[in-house]
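>>> Kindly generate the corresponding structure for this input.
(one chain, ligands or ions: 2)
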Amino acid sequence: MTSTTLSIVSELAEIVGPANVLTDPDVTAGYVTDWTGHWSGHTEAVVRPGSTAEVSAVLTACHRHGLRVVPQGGNTGLVGGSIPMDGEIVLSTRRLTTIERVDVVDRTLAAGAGVIVAQAQEAARQHGLDLGVDLASRDSATLGGIVSTNAGGIRMIKNGNTRRQLLGIEAVLSDGRVVTRWKELVKDNVGYDLPGLLAGAEGTLAVITRVLMRLVIPAPRTQVSLVAVTTVSDALQLVDRLERAGLTLEAAELMTRPGIDLVRRHHDLRAPLDVDSPFLLLAEVSGQRDTQALLLDVLEQAGESVLDAAVEEGPAPKLWRYRESHTESISAESSTPPVKLDLSTPLREVEQFLTTLTPALAENFPDVRAICFGHVGDGNLHVNLLDVKETERERVTDFVLRHVTQHGGSISAEHGVGRAKAPWLALGRSPEDINLMKSIRAAIDPAGLLNPHILPIR
Ligand code: 2HG
Ligand code: ZN
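Ligands and ions are numbered 1, 2, ... in the order given. All right, here's what the predicted structure looks like:
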């Protein structure tokens, strides 16, 4: 350790207590590598403040020393956005775990940024409400993490993204100043939308310490159907039919045959349906009454486009296992950390995008296996590339991101920019747009100390 590091470590220890400044590489290991194992950095210290005042004091100290800081929640991100790739200090928000209040009249939840998503959901459910966001990493992801990445997840089709669930925020700027916008109001039109700006900023503008989340009424009588279809368009038409029949769409997820086969191999699951179709749609619907009858009716009326279907009643239907086990099974299967590309296209382009991508990849990257799945109802697909050689990662990423751009899509639908997409920002935004984002960033964090490599200001 250098003398500057030694002095900052003891300064940080004075603020948060020595037990909450981690320096031993064995202990910090879990904070410097991401879930996929691809993004791996190093740090001299992980600091774990236990209150907003401590976060403020930590950032004030780092600012004084000109030290760069990477904020981190549950470290479940998939784009390297919370990893200290260049030796930054890691500021973990995991000790900010207070659930302050659930308000059943205004339907809000006030909580610390380090509260785990599943715990926030549980707290809301105890009051007959629910968080509007749900995602496979619910048992490790934190509220601060899903807000700062503006996570999408499986309920986005019904409730919108995390930014839409955010009513208020408390955050600390890089120089230690605390900013609070905290009113339990769904209508509050005074000036710029600061919570909306900090949501999705991926820790480049401030460290989020507390959040005020909108809650929703849980779905009544859910039914899950797993439907075998031949084309993506068939899947999307079915989604449209379900909504037109008066059912509320709770989720609409697409899987492919190779993805299902892989999940089955890794989880020892039996075939979910009797036919082998190229695509499977998992649609969860709800309704006030006769939900199952209505669902079966729609499946029947869809005629030959539905090759086979299984229907199961909620809550916690087993059919979801086929979808939620994808990420884990892909990582277990791939000989190298998978290249994970989270993309979206307009709904009318999803079919073309996917059917042209697979042969183009096979022609240009014959050794790479692609598994695609995702939130098809939102036009959002997760393209996972397996067995990619280290030397090929950049080229294959560039290839797929250009392909999605040609289809009018986005290079990042819900996972954010992080390190993974930073070099391709210009594919997703115009030069004027990028410059404006840089100006905002420079105004709020002029020294560029917070998560500097996502939107570099110089
Ligand atoms: C999901 O939808 C997550 O399950 C992870 O966004 C996606 O593993 C992925 O590529
Ligand atoms: Zn997803």
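>>> Now for Ile116: which residues touch it?
74, 97, 138-143 (Cβ atoms under 8 Å, 6 or more residues apart in numbering). Where you see a C-beta, it was placed from the backbone N, CA and C, and this is true even at glycine.
>>> Out of those residues, flag the one nearest to Arg429.
Ala141 (25.8 Å; Cβ to Cβ).
>>> Check the gap between the closest one and Gly200 for me.
In this view, Ala141 and Gly200 are 15 Å apart by Cβ to Cβ, to the nearest Å.
>>> Tyr322 and His266 touch, don't they?
No. Under the criterion of Cβ atoms under 8 Å, Tyr322 is not in contact with His266, lying 11.3 Å apart.
>>> So which of those two has more stuff around it?
Tyr322 (24 against 16; other Cβ atoms under 10 Å).
>>> In terms of helices and strands, where is that one?
Per DSSP states H and E, Tyr322 falls inside helix 320-324.
>>> How about Ala251?
In the assignment (DSSP H and E), Ala251 maps to strand 248-256.
>>> beta partners for the residue in the stretch 351-458 of the chain that ligand 1 sits nearest to?
Nearest to ligand 1 in the stretch 351-458 of the chain, going by Cβ to the nearest ligand atom, is His382, at a distance of 3.4 Å. Beta bridges link His382 to Asp342, Phe373 when assigned by DSSP bridges.
>>> That one - how many residues pack around it?
His382: 22 neighbours (other Cβ under 10 Å).
>>> List the contacts of it.
Counting by Cβ under 8 Å, 6+ apart, the residues that His382 touches are 326, 340-343, 372-374.
>>> and ligand 1, which of those reach it?
Filtering these for proximity to ligand 1 by Cβ under 6 Å from any ligand atom leaves 340, 374.
>>> and of the contacts of His382, the nearest to Pro446?
Nearest to Pro446 among those, with distances taken as Cβ to Cβ, is Asp342, at 30.8 Å.
>>> quick revisit: Ala141 and Gly200: which is more packed in?
Neighbour comparison, Ala141 and Gly200: the larger count goes to Ala141, with 23 against 20 (by other Cβ under 10 Å).
>>> thinking again about what came up before, quick one: the contacts of His382 as JSON lines, columns for pLDDT and neighbour count too.
Formatted as JSON lines, the contacts of His382 follow (pLDDT from 0 to 100; neighbours: other Cβ atoms under 10 Å):
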{"residue": "His326", "pLDDT": "98", "neighbour count": "24"}
{"residue": "Lys340", "pLDDT": "98", "neighbour count": "20"}
{"residue": "Leu341", "pLDDT": "98", "neighbour count": "26"}
{"residue": "Asp342", "pLDDT": "98", "neighbour count": "23"}
{"residue": "Leu343", "pLDDT": "98", "neighbour count": "27"}
{"residue": "Cys372", "pLDDT": "98", "neighbour count": "24"}
{"residue": "Phe373", "pLDDT": "98", "neighbour count": "25"}
{"residue": "Gly374", "pLDDT": "98", "neighbour count": "25"}
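>>> Quick check: Leu450 touching Thr204?
Yes. Counting by Cβ under 8 Å, Leu450 does reach Thr204; the two are 5.6 Å apart.
>>> ok, back up a step: list the buried residues in the helix holding Tyr322.
Within helix 320-324, the residues scored as buried using 16 or more other Cβ atoms under 10 Å are 320, 322-324.
>>> Can you give the contact residues for it?
For helix 320-324, contacts defined as Cβ under 8 Å, 6+ apart pick out 136, 224, 226, 253, 255, 260, 263-264, 267, 269, 272, 280, 282, 373.
>>> C-terminal to it, what's the next element?
On the C-terminal side of helix 320-324, the closest following helix or strand by DSSP H and E is helix 326-333.
>>> name the helices or strands packed onto that next one?
Under the contact definition 3 or more Cβ pairs under 8 Å, 6 or more residues apart in numbering; DSSP states H and E, helix 326-333 sits against helix 257-267, strand 369-373, strand 380-386.
>>> buried sites along that helix?
The neighbour-count check on helix 326-333 (16+ other Cβ under 10 Å) flags 326-327, 329-331, 333 as buried.
>>> now these in TSV, with distance to Gly128?
Listed next are these as TSV, based on distance: Cβ to Cβ, whole Å:
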residue	distance to Gly128
His326	31
Thr327	31
Ser329	35
Ile330	36
Ser331	37
Glu333	41
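>>> neighbouring contacts of the longest helix seen in the chain?
In the chain, taking DSSP state H as the definition, the longest helix is helix 347-364. Helix 347-364 has contacts (Cβ under 8 Å, 6+ apart) with 231-233, 236, 343, 345, 368, 370, 372, 376, 379, 381, 383, 385, 396, 399-400, 403-404, 407-409.
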